[in-house]
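Engineer: Could you look at this predicted model? Sequence included:
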Amino acid sequence: MTSSPPADLAALRADIDRIDAAMHDLLMERGRIIDRLIAVKKTSASGSAFRPGREAAMMRVIAERHGGLLPLDTVEGIWRVIIATFTFVQAPFAVHADVSGGDAPMRDSARFHFGFTVPYRPHPSAAAVIAAVAASRGDLGIFRLDQGVTAGAWWRLLAGPGRPKVIARMPFIERPGHPAGTPVFCISRPLDDPSAAQRDWVLYAAHFERWRDEAAEAVADLGGEVVASAGTGGGLSQLLALPGTVSPEEARAALAEAGATPGVLEEVGSHAARFRVGEA
């Protein structure tokens, strides 16, 4: 004959059951609100439900307020699955990933940030991911920042009206030992609502007939960085990341003064400021 658990243990288990039921009720309530949101916004077209700026802000708030026994990895993962899955039910999409540097880190990133409901589509290069997103109704694409010289100037494929653009840099919350810590850009077709984009950082495809070391210093003085470089038949192509407060005109002027006037300086996306746990 088994003995009954102590009264205090039984009460604690009852509290856990009550909290579990309440969480499930809240998820179902969230689903009902999303159902009404779909009716109001009429987001029947794939990809029209993305709000990268709002998502980045939500993740930052969660990281700043979190405390207690539950690891931040778990909390972030739960919220990412909730956000991505409810986005998917509003407007179905797939995630295309460049696996040229290995499938495992990209699959980890896709599953952590978008869950298992969203289809995962591997591709051999960043260029192939960009092409797949461009041909889709509203899919997302992810690829590593450190593509290497063999990838070429892939960012030039993002230039031009109607072309896919960078909408996020992930992970949203950076920290040592992150379960999906590989830095990736996330791209989509141009957002239906430009105000949904986060413009703390703006990315530019730049082309130079000649490049000087002073130009790299000029970019740094603007608070920016050279993310990637690749030689082309007519010079050097670069992907520049500049603070959203810096205008294209200011960037051109600073580069010209450093002796490297860009023949092309075209915006190819934007993303939220990087957030590291413990930062103010």
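Structural biologist: Structure's in. What do you need?
Engineer: okay, CA-based contacts and neighbour counts for the rest of this
Structural biologist: OK.
Engineer: Next, give phi and psi for residue 206.
Structural biologist: Backbone geometry at residue 206, expressed as degrees, to the nearest 10, gives phi -120, psi 140.
Engineer: tell me the secondary structure for the residue nearest to it when sequence neighbours are not counted?
Structural biologist: Nearest residue to residue 206 in three dimensions, chain neighbours excluded: residue 265, at 4.5 Å (CA to CA, 6 or more residues apart in numbering). Classification of residue 265 by DSSP: H, G, I helix; E, B strand; the rest coil places it in strand.
Engineer: Quick check, pLDDT for residue 265.
Structural biologist: pLDDT, residue 265: 93.
Engineer: how many neighbours does residue 69 have?
Structural biologist: Residue 69 sits with 6 neighbouring residues when counted by other CA atoms under 10 Å.
Engineer: dump the residue contacts of it.
Structural biologist: Contact analysis of residue 69 by CA atoms under 8 Å, 6 or more residues apart in numbering lists nothing.
Engineer: Please confirm that it is located within a strand.
Structural biologist: No. Counting by three-state DSSP, residue 69 falls outside a strand, being coil.
Engineer: if I look at the residue nearest to residue 206, how far off is residue 222?
Structural biologist: To residue 222, residue 265 is 15 Å away according to CA to CA, to the nearest Å.
Engineer: Compare those two (neighbour count), which wins?
Structural biologist: The neighbour count for residue 265 versus residue 222, taken as other CA under 10 Å, is higher for residue 265 (22 against 15).
Engineer: Which strands and helices lie in contact with the helix or strand residue 105 falls within?
Structural biologist: Assigned by DSSP states H and E, residue 105 belongs to helix 103-114. Other helices and strands packing on helix 103-114, by 3 or more CA pairs under 8 Å, 6 or more residues apart in numbering; DSSP states H and E, are helix 72-90, strand 95-98, strand 120-123, strand 140-144.
Engineer: export these to TSV and tack on distance to residue 34, mean neighbour count and mean pLDDT?
Structural biologist: Output for these, formatted as TSV (distance: least, CA to CA, whole Å; neighbours: other CA atoms under 10 Å; pLDDT from 0 to 100):
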stretch	distance to residue 34	mean neighbour count	mean pLDDT
helix 72-90	7	18	92
strand 95-98	21	26	98
strand 120-123	23	18	98
strand 140-144	21	27	96
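Engineer: Centre of the chain to the helix holding residue 105, how far?
Structural biologist: The chain centre lies 12 Å from the centre of helix 103-114; the measure is CA atoms, centre = their mean, to the nearest Å.
Engineer: And for stretch 55-66?
Structural biologist: Worked out by CA atoms, centre = their mean, stretch 55-66 lies 14 Å from the chain centre.
Engineer: Same check on stretch 58-68?
Structural biologist: 18 Å.
Engineer: What average pLDDT does it get?
Structural biologist: Here stretch 58-68 scores 92 as its mean pLDDT.
Engineer: Give me the contacts around that stretch.
Structural biologist: Identification of contacts with stretch 58-68 by CA under 8 Å, 6+ apart yields 72, 76, 79, 172-173, 275, 277.
Engineer: Much appreciated, bye for now.
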